[in-house]
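Peer 1: prediction below, plus the sequence it came from.
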Amino acid sequence: MRWSQSFIPTMKEIPADAEIPSHQLMLRAGLIRQVMAGAYTYLPLGWRAIRKVEAIVRSEMERAGAIELFMPALCPAELWEQTGRIDDYGNALVNFPLVRGDRQIHVVLGPTHEEVVTDLMARQIKSYKQLPITVFQIQTKFRNEERPRFGVLRTSEFQMKDAYSFGTDLEQLNVAYDQMFAAYCRIFARCGLEYLTVEAESGPIGGDASHEFMVPADNGEDEIVHCHSCGYAANTERAEIGRPVPAIATPETMAELSTRQTPGTTSIEQVSQMLACDPSRIIKTLIYSVDDSTVAVLLRGDHEANQSKIRRALNGDTIELADPATIEQVSGAPVGFAGPVGLGCPILADHDIVTIVDAISGANQVDAHFTGVNIGRDFTLETSHDLRMAIGDDPCPRCDGTLQLARGIEVGHVFKLGTKYSTALSAEYLDEKEKKHPMVMGCYGIGINRIVAGMAETSHDENGLIWPLAIAPFEVLVIPLNINDDQVMATADRIYDDLRSEGLDVLMDDRKARPGFKFKDGDLIGIPLRVVIGGKGLADGVVELKWRTDEDSQRVPIDEAIASIRQQVRDRQAAEAETVPE
RNA sequence: CGGGACGUAGCUCAGCCUGGCAGAGCGCCGGCUUUGGGAGCCGGAAGUCGCAGGUUCAAAUCCUGUCGUCCCGACCA
């Protein structure tokens, strides 16, 4: 591609609306332009990168035995009613009525395609002999993000590869899952991304039924913990904490329980200031409504509640903080003064509550807190639970190591679905004995755009993007320094043609611009290998090669240039491939 | 959905407090010079100051409303 005939609008200045590096650089390098909050046009450079990623994803899916098909984004809402997800998704689901003659049909734009694919398989698969099968598509998905952000990291419309496996039983599911998991590792490695596999909420199947693939990045939306000793990694909201379960005992020596007036102190911070104590000595008492009952959750003042853990500890379906009326009813005080002493509802305590001696807690009366609160004397516990968010330096649940905090961009998710959708949509097969069973499913998603954005976010320097060869929009950038110099242009044209006939993706900056301008733009768009043809070099019979990742350039005789580039690109490809697991 | 910020030329922004001719740099167009890290000089085009209403002799500027964008939080199989 000749730059003058392409469409690569670069920007020297940083757009005011972009805050994180990937967003700024993707705008400045001419990869994307915003259409509205949460929707972007992919310009030629950005789209080429997307397609490179798609090609890698496609080849690895096929290598893993998945079959490509293509489902419509437009689906009947009826299918979504059958699985109940039309309510579960709520406002995030893009759905609207369509008028067709005198009828009105209710449609959704798919945020994912379990319903459509399961309905398809329900109609086409009758026998165990047709299973297992895994299908996939690469397609535009729609989710009405209430708050799109971070450029293309969180948008309402995005490219996703979604795959679905159908099998006769858990064993076939596990095989498919492992194949997909391995394929994902190869995909992210081939794309040149650093990634972590993270344990995620496992749903109804339990065990190791779900993993997320995260690109570590300071601006990532997800907070994860990671153990460097054993490799355990998990979303903080899912992360287990390897704390020993403390024995519940009444302390041998303790202070008297006394009441302190604490007018207006409804937050941990205010209480710790007014009573001059560390937040870790305060018992934070949160009143939750879980399904239809009310329960108090005790946490150390410096810890954060993990609602998923609380919900699971109670075997509940829904959980939310209780409303002020309920809180007043069970504690006898307005919000902010609840405590475990004499509380009118069941109590659930985190492990770390057990070891606090002479704690401070709300007194269940307005503007008052207790000091000297102790287990056994002032309130009772039979057991304790893991109810809080993991934090840095928590003990690893799998080994002796400690957990480190990190942030990550979720680029992939594999999930064992089980029979949720096959049951709801009657996707059943007959076994050898003519007995009907629901198919056992798995689903596997990859955010194509997020791979590109994740790369931009993690691979750049002060001058611009730095692409790996594997997903770079172009592999080689040829720069004739002065297009008015016939000898320079003739040489550049020849090199450009020869490289293209070698099968390389070549961009030639044939614009009428000064050298410095072209160098700056070249660095900004981050093409891996730069070939400079200039008058000075030609006088010495050389052209100049420079990798975007290198400090210095190489001077190569003109007639060796093509062979050298071919070889260096091959070497680089081989080096990038070294990280790809078997 | 709660909190905050911003909206003036294609981009970055000044002007607003204290009402009185619509500005700068970059980019763009034409010309000349220049040609190895975002060139120089000369000339030029370009804005319904987000939109609507109000106050005023007079509004980019003050007031009210509204729309949009960004950030923090809630939400996000």
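Peer 2: On my side now, so go ahead.
Peer 1: ok, the spatially closest residue to A:K520 that is not a sequence neighbour - contacts?
Peer 2: Excluding the flanking residues, the one nearest A:K520 by C-beta to C-beta, 6 or more residues apart in numbering is A:N463, at 7.4 Å. C-beta: built from backbone N, CA, C; applies to glycine. Applying C-beta atoms under 8 Å, 6 or more residues apart in numbering to A:N463 gives the contacts A:K520, A:D523, A:L524.
Peer 1: okay, now the second one: neighbour count?
Peer 2: Right, the one you point to is A:D523. A:D523 has 20 neighbouring residues, counting by other C-beta atoms under 10 Å.
Peer 1: what about the residue nearest to A:K520, distance to RNA strand B?
Peer 2: 5 Å (C-beta to the nearest atom of the strand, to the nearest Å).
Peer 1: repeat that for A:T318.
Peer 2: 10 Å.
Peer 1: ok, that residue - how many residues close by?
Peer 2: 9.
Peer 1: tell me who's in contact with it.
Peer 2: Counted by C-beta under 8 Å, 6+ apart, A:T318 has contacts A:V290, A:D291, A:R311.
Peer 1: correct me if wrong: the last one contacts A:D291.
Peer 2: No. No contact is recorded between A:R311 and A:D291 when judged using C-beta atoms under 8 Å, the distance being 9.1 Å.
Peer 1: any residues in contact with both of these two?
Peer 2: A:D317, A:T318.
Peer 1: okay, those two: which has more neighbours?
Peer 2: A:R311 (17 against 12).
Peer 1: any idea how far the nearest residue to A:S156 once chain neighbours are set aside is from RNA strand B?
Peer 2: Closest residue to A:S156 apart from its sequence neighbours, by C-beta to C-beta, 6+ apart: A:G38 at 3.8 Å. Counting by C-beta to the nearest atom of the strand, the separation of A:G38 from RNA strand B is 7 Å.
Peer 1: how about A:G38, what does it touch?
Peer 2: A:E145, A:P148, A:R154, A:T155, A:S156, A:E157.
Peer 1: quick one: which of those residues has the most company?
Peer 2: A:T155 (25 neighbours).
Peer 1: what sits closest to it if chain neighbours are left out?
Peer 2: A:T155 sits nearest to A:G38 (C-beta to C-beta, 6+ apart), 4.6 Å away.
Peer 1: same question for A:V354.
Peer 2: Here the residue nearest A:V354, using C-beta to C-beta, 6+ apart, is A:P246, at 4.2 Å.
Peer 1: circling back: got the phi/psi numbers for the residue nearest to A:K520?
Peer 2: Phi and psi for A:N463, reported as degrees, to the nearest 10, are phi -90, psi -20.
Peer 1: and it, what pLDDT?
Peer 2: Note on A:N463: pLDDT of 96.
Peer 1: and what of A:Q307?
Peer 2: Taking A:Q307 on its own, its pLDDT is 82.
Peer 1: cool, the one 5 residues further on as well?
Peer 2: What the model reports as pLDDT for A:R312 is 82.
Peer 1: how much space is there between it and RNA strand B?
Peer 2: For A:R312, the distance to RNA strand B - C-beta to the nearest atom of the strand - is 14 Å.
Peer 1: helix or strand: which one has that residue?
Peer 2: helix A:307-313 (DSSP states H and E).
Peer 1: need the contact partners of the following helix or strand past that helix.
Peer 2: The first helix or strand that comes after helix A:307-313 along the chain, using DSSP H and E, is strand A:319-321. For strand A:319-321, the external contacting residues (C-beta under 8 Å, 6+ apart) are A:L286, A:I287, A:Y288, A:S289, A:V290, A:Q307, A:I310, A:R311.
Peer 1: residues from the stretch 1-150 of chain A in reach of RNA strand B?
Peer 2: A:10-17, A:19-20, A:23, A:28, A:34, A:36-38, A:88, A:92, A:111-112, A:114, A:143, A:145-150 (C-beta under 7 Å from any atom of the strand).
Peer 1: tell me which stretches of the stretch 101-250 of chain A form helices.
Peer 2: A:114-124, A:170-190 (DSSP state H, counting those that start in this stretch).
Peer 1: just the mean pLDDT for the first one, thanks.
Peer 2: Averaging the model's pLDDT scores along helix A:114-124 yields 97.
Peer 1: and it, what does it pack against?
Peer 2: Other elements packing on helix A:114-124 under the criterion 3 or more C-beta pairs under 8 Å, 6 or more residues apart in numbering; DSSP states H and E are helix A:77-83, strand A:157-167, helix A:420-424, strand A:440-447.
Peer 1: got the buried residues for the third one?
Peer 2: It refers to helix A:420-424. A:K420, A:Y421, A:S422, A:A424 (16 or more other C-beta atoms under 10 Å).
Peer 1: briefly note if that helix comes near RNA strand B.
Peer 2: No. Judged by C-beta under 7 Å from any atom of the strand, helix A:420-424 stays clear of RNA strand B, getting no closer than 9.8 Å.
Peer 1: buried sites along the helix holding A:R312?
Peer 2: A:Q307, A:K309, A:I310, A:R311, A:A313.
Peer 1: isn't the residue nearest to A:V354 up against A:S384?
Peer 2: Yes. Taking C-beta under 8 Å as the definition, A:P246 is a contact partner of A:S384 at 6.6 Å.
Peer 1: who's more crowded, the two?
Peer 2: A:S384 (21 against 12).
Peer 1: what residues are up against the more buried one?
Peer 2: A:V245, A:P246, A:I248, A:A349, A:D350, A:H351, A:I353, A:V354.
Peer 1: how near is the fourth one to A:I283?
Peer 2: It stands for A:A349. 9 Å (C-beta to C-beta, to the nearest Å).
Peer 1: what of the first one?
Peer 2: According to C-beta to C-beta, A:V245 stands 18 Å off from A:I283.
Peer 1: quick one: which of these two has more around it?
Peer 2: A:I283 (26 against 11).
Peer 1: hey, what's the more buried one bridged with?
Peer 2: A:R300 (DSSP bridges).
Peer 1: that one contacts A:D358, correct?
Peer 2: No. The pair A:I283 / A:D358 is not scored as a contact, 10.9 Å apart, by C-beta under 8 Å.
Peer 1: quick check: neighbours shared by those two?
Peer 2: Taking C-beta under 8 Å, 6+ apart as the contact rule, A:I283 and A:D358 both touch A:V373.
Peer 1: and A:S267, what's its pLDDT?
Peer 2: At A:S267, pLDDT is 81.
Peer 1: actually A:N482, not the one I typed
Peer 2: 92.
Peer 1: give me the neighbour count for the closest residue to it other than its chain neighbours.
Peer 2: With sequence-adjacent residues excluded and distances taken as C-beta to C-beta, 6+ apart, A:N482 is closest to A:V488, at 5.4 Å. The number of residues packed near A:V488 is 20, by other C-beta under 10 Å.
Peer 1: which is the next helix or strand following the helix or strand where A:V488 lies?
Peer 2: Following DSSP H and E, one finds A:V488 within helix A:486-501. Where DSSP H and E defines the elements, the next helix or strand beyond helix A:486-501 is strand A:506-508.
Peer 1: can you show me the strands along the stretch 201-350 of chain A?
Peer 2: Assigned strands in the stretch 201-350 of chain A, in chain order: A:210-216, A:222-227, A:233-235, A:258-261, A:283-290, A:293-300, A:319-321, A:347-349 (criterion: DSSP state E, counting those that start in this stretch).
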